[in-house]
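*Asks:* I would like the atomic coordinates for the input below:
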Amino acid sequence: MIGKRAVFTIVIIIAIVVFFIPTHQTGGHTAPSIVVLDSRNNDNGAITHLLSNQQQLLKLALAKKPEPVKVKVKVKAKKVKAKIKAVKPKPKPKFKDWAALGTATQSSTYQAMEASNAIDKKMDTFSHTDIKPDKNSWLKVTLPTSVEISKIVITNRKDAPGSFQLRKRLPPFSLTIKNASGMITASKVFTDVLDTYTWSDIFVVGSQILIEQQKKNYLHVSDIKVYGIAAKDCSYYEKLLALNRSTASNLLIKLKESACLLGLSKESQTETRKAQAKKFDNIIKLQTKAQQKQMKQAQKILKNVENQQLKERQLAAQAKRYGLAPPAPMYKKEQVEKLQKSLNPVEKQLSEAEKAECMTIHTRIQTLTQQASDLASKMGEGSSTSPMDAIANEIRQLQQVYTSKCTVAPVTDDLEEFGVTNDEDAPALS
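*Replies:* Here you go, the predicted structure:
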């Protein structure tokens, strides 16, 4: 028999255990319920059931797996220093005078004044040619490499103290740029007497500069400078143009065209020159035909002018007899002289090579004129006129060269003073 004191002690122990061990589901088993009996109840069966129940509860509590302990681990990241190689910027293209690095030649040499004096960077020296009766003087500078030429500056010889103006000998002259294949990439004519001649905004590829007089005289130059940067080959500009075709500038187009103008073998050059010269013979025929037509018109006008002058002389004689002032002449002396000069034009003889060159210039002018027409048809309101201005400028320069070098049978504008164009008959003068 268990006494009341023992039962009471067991109940206290169970209460403590229950207080520290919470009742919840563990491992899929339901914690047994705790039955607290009244201490006055001495039912042995109930007490036995109670003890069994509490023992099962203790086993479940002891079998409970401890919760895992979370351990915070700090991992220090290693700092990795990346080795970055500094990229050096590409050097800017060198904009310099390329003429001083080249070689110079001239058509002839007067005394010891060599062509090299024009590229020695000294302003107190100068090149000097002799006068050849059969052709005009020229000075050529060959650059050390092909150059994207942006500007050319030519310094005229200074006038000597107490002498006549030596500067007048140089103009008029043509300035021509040729590429490595010997093809003309740009030309310009200068007619004024200046100390310095500057040709800016050229932007063509060239390797040779030619100064050629338009009259027979001594040619002397104090200094020549050719500014620009080293040029690339034709394929470079073609690829660059293909990549930027939608936004290609006129400058890039000019560089590509001037770099890609190709020469031919000597045999092919001879055949091409003959063919070009033959084509230009047809243009000479047209020039001659227009000149002859103008001469016929001039003859008719001059006959009428002479009749008018005869009447004026008769009237002047009558006026003198009566003490009156003579009538004012209808035509000035200068007009009559121009008219007489048009009847005796100075014709020019061209060599085969000159005819071929003139035909090339003529074809280039036609091509540029067509380009200008096509561009004008595509231009809308507000469009930039820079491309059109550049084409017009090149046409104007080529026309100057063509007029001075390629006009064999000149047709003057003298008849326009008399109200006559080249396509109309001369009017009768009263």
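*Asks:* Doesn't residue 282 lie inside a helix?
*Replies:* Yes. With DSSP: H, G, I helix; E, B strand; the rest coil as the criterion, residue 282 is part of a helix.
*Asks:* That one: neighbour count?
*Replies:* 10 (other C-beta atoms under 10 Å). Heads up, the C-betas are built off the backbone N, CA and C, glycines and all.
*Asks:* got it, and residue 351?
*Replies:* With other C-beta under 10 Å as criterion, residue 351 counts 11.
*Asks:* how far away is it from residue 277?
*Replies:* 9 Å (C-beta to C-beta, to the nearest Å).
*Asks:* Kindly report the same for residue 403.
*Replies:* 19 Å.
*Asks:* Neighbour count for the two, which is higher?
*Replies:* Taking other C-beta under 10 Å, residue 403 and residue 277 do not tie; residue 277 has more neighbours (20 against 11).
*Asks:* ok, for the more buried one, nearest residue in space, not its chain neighbours?
*Replies:* residue 355 (3.8 Å; C-beta to C-beta, 6 or more residues apart in numbering).
*Asks:* Assign that neighbour to one of the three secondary structure states.
*Replies:* helix.
*Asks:* May I ask you to confirm that residue 156 is in contact with residue 194?
*Replies:* Yes. At 6.4 Å, residue 156 and residue 194 qualify as touching, with contact defined as C-beta atoms under 8 Å.
*Asks:* shared neighbours of the two, which are they?
*Replies:* residue 167 (C-beta atoms under 8 Å, 6 or more residues apart in numbering).
*Asks:* what does stretch 239-257 rub up against?
*Replies:* Contacts for stretch 239-257 (C-beta under 8 Å, 6+ apart): 148, 185, 203-205, 231, 234, 237-238, 386-387, 390-391.
*Asks:* Between which two of these is the distance greatest?
*Replies:* Greatest spacing in those, by C-beta to C-beta: 234 and 386 (24.6 Å).
*Asks:* Comparing the two, which residue is more hemmed in?
*Replies:* Shown here are residue 234 and residue 386; by other C-beta under 10 Å, residue 234 has more neighbours (20 against 11).
*Asks:* And the pLDDT at that one?
*Replies:* At residue 234, the model reports a pLDDT of 91.
*Asks:* Likewise for residue 348?
*Replies:* 79.
*Asks:* Setting aside sequence neighbours, what's the nearest residue to it?
*Replies:* Leaving aside its sequence neighbours, residue 348 sits nearest to residue 408 (C-beta to C-beta, 6+ apart; 4.9 Å).
*Asks:* what phi and what psi does the backbone show at residue 329?
*Replies:* phi -70, psi 150 (degrees, to the nearest 10).
*Asks:* ok, it - contacts?
*Replies:* Residue 329 sits next to 309, 312 when contact means C-beta under 8 Å, 6+ apart.
*Asks:* if we go to 7 Å?
*Replies:* residue 312 (C-beta atoms under 7 Å, 6 or more residues apart in numbering).
*Asks:* what's the pLDDT at it?
*Replies:* In the predicted model, residue 329 carries a pLDDT score of 88.
*Asks:* before we move on, what about the one 5 residues further on?
*Replies:* The per-residue pLDDT reported for residue 334 equals 81.
*Asks:* Tell me the backbone dihedrals of residue 294, please.
*Replies:* Residue torsions, per degrees, to the nearest 10, at residue 294 are phi -70, psi -40.
*Asks:* Quick check: closest non-adjacent residue to it.
*Replies:* Nearest non-adjacent residue to residue 294 (C-beta to C-beta, 6+ apart): residue 411, at 5.3 Å.
*Asks:* quick revisit: now do the residue nearest to residue 277: how many residues are near it, please.
*Replies:* Residues lying near residue 355 (other C-beta under 10 Å) number 22.
*Asks:* Enumerate every residue touching it.
*Replies:* Per C-beta under 7 Å, 6+ apart, neighbours of residue 355: 276-277, 280-281.
*Asks:* Go again with 10 Å.
*Replies:* 273-274, 276-281, 283-284, 406, 408 (C-beta atoms under 10 Å, 6 or more residues apart in numbering).
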